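A.B. asks: Have a look at this fold, sequence not included:
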């Protein structure tokens with residue numbers, strides 16, 4: 001059964017860093033674009049980072065560009081999000097998600113599998 005499991009969230013002070021991980025299983029990870037998506041309190045979901053199936057193309061939402069770095073390990077079927085210089089407005093539940101098509105990557109992005117999410121809270 002296809003599954004995504006995130007980890008690595010927590011409480012961090014403004015300016016701090018966190019690294020999120022997402023373990024994928026049950027599907028051909030290397031055949032799909034993958035995404036980091038977040039939901040801030042009271043707001044809709046928004047994509048944060050999109051990474052192509054081979055990891056050669058990475059797109060970022062404007063507000064995180066130059067602060068966040070997405071990567072993937074296609075041997076270990078893992079997705080990562082390195083978050084630096086965190087701000088209070090980055091507080092959200094972060095999810096990894098799989099594209100609904102193979103390989104995908106067509107905007108607007110469409111997802112058919114989500115993880116359970118990991119909470120990131122940026123506060124002093």
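C.D. replies: Yes, it's here. Quick caveat: nothing in here was measured; it's all calculated off a predicted structure. Residues are numbered from 1 along each chain as shown.

A.B. asks: can you give me the strands for the protein?
C.D. replies: Using DSSP state E, the strands of the chain run over 3-7, 10-12, 18-25, 34-39, 45-51, 58-60, 68-73, 78-83, 92-99, 111-114, 118-122.

A.B. asks: Just the endpoints, please. Distance across stretch 26-46?
C.D. replies: 25 Å (C-alpha to C-alpha, to the nearest Å).

A.B. asks: can you tell me how far residue 81 sits from residue 124?
C.D. replies: Using C-beta to C-beta, to the nearest Å, one obtains 22 Å as the distance from residue 81 to residue 124. The way it works is simple: take the backbone N, C-alpha and C, and place the C-beta from them, glycine included.

A.B. asks: who touches the closest residue to residue 25 other than its chain neighbours in this structure?
C.D. replies: Of all residues not flanking residue 25 in the chain, residue 3 sits nearest, at 5.1 Å (C-beta to C-beta, 6 or more residues apart in numbering). By C-beta atoms under 8 Å, 6 or more residues apart in numbering, the residues touching residue 3 are 24, 25, 26, 113, 115.

A.B. asks: For the last one, the count of nearby residues, please.
C.D. replies: This points to residue 115. 20 (other C-beta atoms under 10 Å).

A.B. asks: pretty sure residue 102 is touching residue 29, no?
C.D. replies: No. With contact defined as C-beta atoms under 8 Å, residue 102 does not reach residue 29; the gap is 10.8 Å.

A.B. asks: Residue 81 and residue 124: who's more crowded?
C.D. replies: residue 81 (25 against 8).

A.B. asks: if we look at the sheet, which residues does that one bridge to?
C.D. replies: Taking DSSP bridges as the rule, residue 81 bridges to residue 20, residue 70.

A.B. asks: Now do the contacts for it.
C.D. replies: Here residue 81 is in contact with 19, 20, 22, 36, 48, 49, 68, 69, 70, 94 (criterion: C-beta under 8 Å, 6+ apart).
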